[in-house]
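Visitor: predicted model, plus sequence, below.
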Amino acid sequence: MKRSIMWFRRDLRIGDHPALLAALAESDEIVPIFILDEKFFAQAGTKRLAYLANSLRELNRSLDDRLHIVQGKPIAVLKQMQELYGAQDVHISEEFEPLGRARDLEIEKAGITLIRTGSPYAVAPGRVRKPDGTNYRVYTPFYKAWVTHGWRGPVTAPKLINAVEPTKEHQEFPHWHLPEGALITPAGEHAALLRWKQWSKEHLRDYNEMRNVPSVDGTSRLSAALKFGEIHPRTLLATLGDSDGEVTYRKEIAWREFYADVLFNYPTTDKEYYAPRFAQMRYDEPGDLFERWKSGTTGFPFVDAAMRQLLKEGWMHNRARMVVASFLVKDLHLEWQLGERFFEQHLIDYDVASNAHGWQWTAGCGTDASPYYRVFNPIEQGRKFDPDGHYIKRYVPELAQLSGAEIHEPWKVIGGLDHGYPDPVVDHAKERIESLARLAEIKESPSS
DNA sequence: TTTTGAGTTGTTCGA
DNA sequence: GTCGAACAACTCAAA
């Protein structure tokens, strides 16, 4: 009777799961476990934790109530479980971001054998290389090479999972409660597959156009499912054809893989500037304006709607993420890491590579050599992508009475507002110029 | 080694 | 209201 441990981390599903198949193939019984390691949840807010708890319940259901939930440090927990069940091998899906990688290496140093099968990506970080063997630093050539490299098709779910029943103390799920008024999406593999099926049938064809409109169901909203591995990108890629919408969706998956690859190759860029000269730029100290940004009370309706969506749902539309990020960096002149950390606390789908490099992209210090003139206008973005103000009204009820023409600049409304909505905290035109001036200061001086 | 073409997501201004 | 041009310079990838 051979037993192996199947350690679930960011692969909370049983379908299209190569590591689970490997564990089952090599043993008569598996011990499926999830480790509650405080270190990994230190920055997570209650919305993400509540989602995780839901996801674990769903995984447990798929495993016929055989998921072992164990609190503690991975090395101690794994040794304990090996001893308890006479299991040796520990099967995992490989992780690539700095914290997860370091943890796994430490575990191996402690004498525990980790068997890696698969990863959370269609193509594992580090695999897509230029002909000279170095990594890509520009998206488009990466994308072409990534497509050429290709990926495996999905694997089928196991028919039968022979798993050891957990002891009573390992059946206790964490109790993380949502804050008042919070509203999060359903978790779990089943919900993700259903969402993909329904959304893609209805909206995928128009994805390239509608994905920028935050008031409609234009995006798949599978970011949290991808982050926790409730669905694998391979599963999505396998269904994509060549319509404009499908090609655009494939490119978005490639962005996720590109940023994972970039962080893998530059492992300090989760916190540090990818382009170091930006560390020399003049920034303001976070104060009251930062608080206004965080609470969604900047007086810029589109920005405030987006921040309030984040606080309420633990999710923000991608277009809105760019706009609020640009506002923090270019209108308030604060460092991107401040916003990145706030997102880390509040986003359910928080992924270190996508988040850090998304922020760096907006700040202009990332892999995309941002043209100096690319400063988002928070008013124009609202007019362009939320012309009738549907998105704003959903999250900023103070402005519900205004027309689409008025809502993006409520301070211009004749007679003023009397709903307690704040005046704009800055003059965008002025701050745009200020931002460009600070950028000019860090231009590389001619070498001589 | 050198050269060439290209680079997610924007805004403003003037015709 | 719509449209095209201008807005820098630099780094990267590939020929």
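Guide: Yep, that arrived.
Visitor: and the longest strand for chain A?
Guide: Ranked by number of residues, the top strand in chain A under DSSP state E is strand A:29-36.
Visitor: per-residue confidence at A:Ser447?
Guide: Here the pLDDT value assigned to A:Ser447 is 33.
Visitor: ok, A:Arg374 next?
Guide: Predicted confidence (pLDDT) for A:Arg374: 87.
Visitor: which of the helices or strands spans it?
Guide: A:Arg374 belongs to no helix or strand when elements are defined using DSSP states H and E.
Visitor: need the contact list for the residue lying closest to it once chain neighbours are set aside.
Guide: Nearest non-adjacent residue to A:Arg374, counting by C-beta to C-beta, 6 or more residues apart in numbering: A:Gly364, 7.3 Å away. All C-beta spots, glycine's among them, are computed from the backbone N, C-alpha and C. Contacts for A:Gly364 (C-beta atoms under 8 Å, 6 or more residues apart in numbering) come out as A:275, A:278, A:329, A:370, A:372, A:374, A:439.
Visitor: ok, now how distant is the closest residue in space to the fourth one that isn't next to it in sequence from DNA strand B?
Guide: This means A:Ser370. Of all residues not flanking A:Ser370 in the chain, A:Gly364 sits nearest, at 3.7 Å (C-beta to C-beta, 6+ apart). A:Gly364 sits 11 Å away from DNA strand B, going by C-beta to the nearest atom of the strand, to the nearest Å.
Visitor: check the offset of the longest strand of chain A from the chain's centre.
Guide: Relative to the centre of its chain, strand A:29-36 is centred 25 Å away, using C-alpha atoms, centre = their mean, to the nearest Å.
Visitor: and for the residue of the stretch 151-300 of chain A at minimum distance from DNA strand C, the neighbour number?
Guide: Among all residues of the stretch 151-300 of chain A, A:Ala275 sits closest to DNA strand C, at 8.1 Å; criterion: C-beta to the nearest atom of the strand. Number of residues near A:Ala275 (other C-beta atoms under 10 Å) recorded here: 16.
Visitor: now do A:Gln401
Guide: Neighbours of A:Gln401 using other C-beta under 10 Å come to 12.
Visitor: read off the pLDDT value for the residue lying closest to it once chain neighbours are set aside.
Guide: Closest residue to A:Gln401 in three dimensions, ignoring its sequence neighbours and counting by C-beta to C-beta, 6+ apart: A:His419, at 7.8 Å. Looking at A:His419, its pLDDT is 72.
Visitor: distance of the residue of the stretch 151-300 of chain A closest to DNA strand C relative to A:Lys330?
Guide: Separation of A:Ala275 from A:Lys330 (C-beta to C-beta, to the nearest Å): 16 Å.
Visitor: over to A:Leu99?
Guide: According to C-beta to C-beta, A:Leu99 and A:Lys330 sit 30 Å apart.
Visitor: quick one: which of those two has more around it?
Guide: When neighbours are counted by other C-beta under 10 Å, A:Leu99 and A:Lys330 differ, and A:Lys330 comes out ahead with 25 against 13.
Visitor: that one: what secondary structure?
Guide: On the three-state scheme (DSSP: H, G, I helix; E, B strand; the rest coil), A:Lys330 is labelled helix.
Visitor: likewise A:Ala437?
Guide: On the basis of three-state DSSP, A:Ala437 is classed as helix.
Visitor: try A:His357
Guide: Taken by three-state DSSP, the conformation at A:His357 corresponds to helix.
Visitor: so where's chain A shaky on pLDDT?
Guide: Applying pLDDT under 70 to chain A flags residues A:417, A:444-448.
Visitor: for it, what's the longest helix?
Guide: Secondary structure of chain A read by DSSP state H shows that its longest helix is helix A:244-265.
Visitor: so what secondary structure elements neighbour that one?
Guide: helix A:139-149, helix A:207-210, helix A:233-237, helix A:352-363 (3 or more C-beta pairs under 8 Å, 6 or more residues apart in numbering; DSSP states H and E).
Visitor: any part of that helix near DNA strand B?
Guide: Yes - applying C-beta under 7 Å from any atom of the strand, one finds helix A:244-265 in contact with DNA strand B at A:251-252, A:255.
Visitor: kindly report the residues of chain A close to DNA strand B.
Guide: A:138-140, A:212, A:251-252, A:255, A:318-319, A:322, A:358, A:361, A:368-369, A:371, A:373-377, A:380-381, A:384, A:429, A:432.
Visitor: from those, which are also near DNA strand C?
Guide: For DNA strand C, the contacts drawn from the residues of chain A next to DNA strand B by C-beta under 7 Å from any atom of the strand are A:138, A:369, A:371, A:373.
Visitor: per-domain residue ranges of chain A.
Guide: Split into domains by automatic domain parsing, chain A comes to A:3-119, A:121-153+A:190-265, A:276-441.
Visitor: nearest approach to A:Pro166 belongs to which of these?
Guide: For A:Pro166, the closest of the domains of chain A is domain A:3-119, at 4.2 Å, according to C-beta to C-beta.
Visitor: for the closest one, measure first residue to last.
Guide: Terminal residues of domain A:3-119 lie 22 Å apart, using C-alpha to C-alpha, to the nearest Å.
Visitor: ditto for stretch A:369-376
Guide: This stretch, stretch A:369-376, spans 16 Å end to end (C-alpha to C-alpha).
Visitor: contacts for it, please.
Guide: With contacts defined as C-beta under 8 Å, 6+ apart, stretch A:369-376 is touched by A:322-323, A:326-327, A:330, A:361-362, A:364, A:432, A:435-436, A:439-440.
Visitor: ditto for stretch A:189-209
Guide: Outside stretch A:189-209, the residues that touch it by C-beta under 8 Å, 6+ apart are A:12-15, A:58-59, A:62, A:185, A:210, A:217-222, A:225, A:230-231, A:235-236, A:239, A:243-249.
Visitor: now, of those, which are buried?
Guide: Neighbour-count burial (16 or more other C-beta atoms under 10 Å) applied to the contacts of stretch A:189-209 gives A:12-15, A:58-59, A:62, A:185, A:218-222, A:225, A:230-231, A:235-236, A:245-246, A:248-249.
Visitor: those in helices, which ones?
Guide: Judged by DSSP H, helices contain the following of the buried ones among the contacts of stretch A:189-209: A:58-59, A:62, A:225, A:235-236, A:245-246, A:248-249.
Visitor: which of those residues sits closest to DNA strand B?
Guide: If you rank those by distance to DNA strand B using C-beta to the nearest atom of the strand, A:Thr248 comes first, at 8.0 Å.
Visitor: neighbours of A:Lys430, how many?
Guide: Under the neighbour criterion other C-beta under 10 Å, A:Lys430 is assigned a count of 10.
Visitor: which of the residues of chain A next to DNA strand B are buried, as a PyMOL select command?
Guide: Here is the PyMOL command that selects the buried residues among those (16+ other C-beta under 10 Å):
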select buried, chain A and resi 139+212+251+252+255+319+322+358+361+368+375+376+377+381+432
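Visitor: CA atoms only: put stretch A:91-107 into CSV for me.
Guide: Extracted in CSV, the C-alpha atoms of stretch A:91-107 (Å, rounded to 0.1, in the frame of the first residue of the first chain):
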residue,chain,number,x,y,z
HIS,A,91,3.2,16.0,-5.3
ILE,A,92,2.9,19.6,-6.2
SER,A,93,2.2,21.9,-9.2
GLU,A,94,5.3,24.0,-9.5
GLU,A,95,5.3,27.6,-8.4
PHE,A,96,7.5,30.3,-9.8
GLU,A,97,7.0,33.6,-7.9
PRO,A,98,9.7,34.5,-5.4
LEU,A,99,8.0,33.6,-2.1
GLY,A,100,6.6,30.2,-3.3
ARG,A,101,9.9,29.2,-5.0
ALA,A,102,11.9,30.0,-1.9
ARG,A,103,9.5,28.1,0.3
ASP,A,104,9.7,25.0,-1.9
LEU,A,105,13.5,25.1,-2.1
GLU,A,106,13.7,25.3,1.7
ILE,A,107,11.4,22.3,2.0
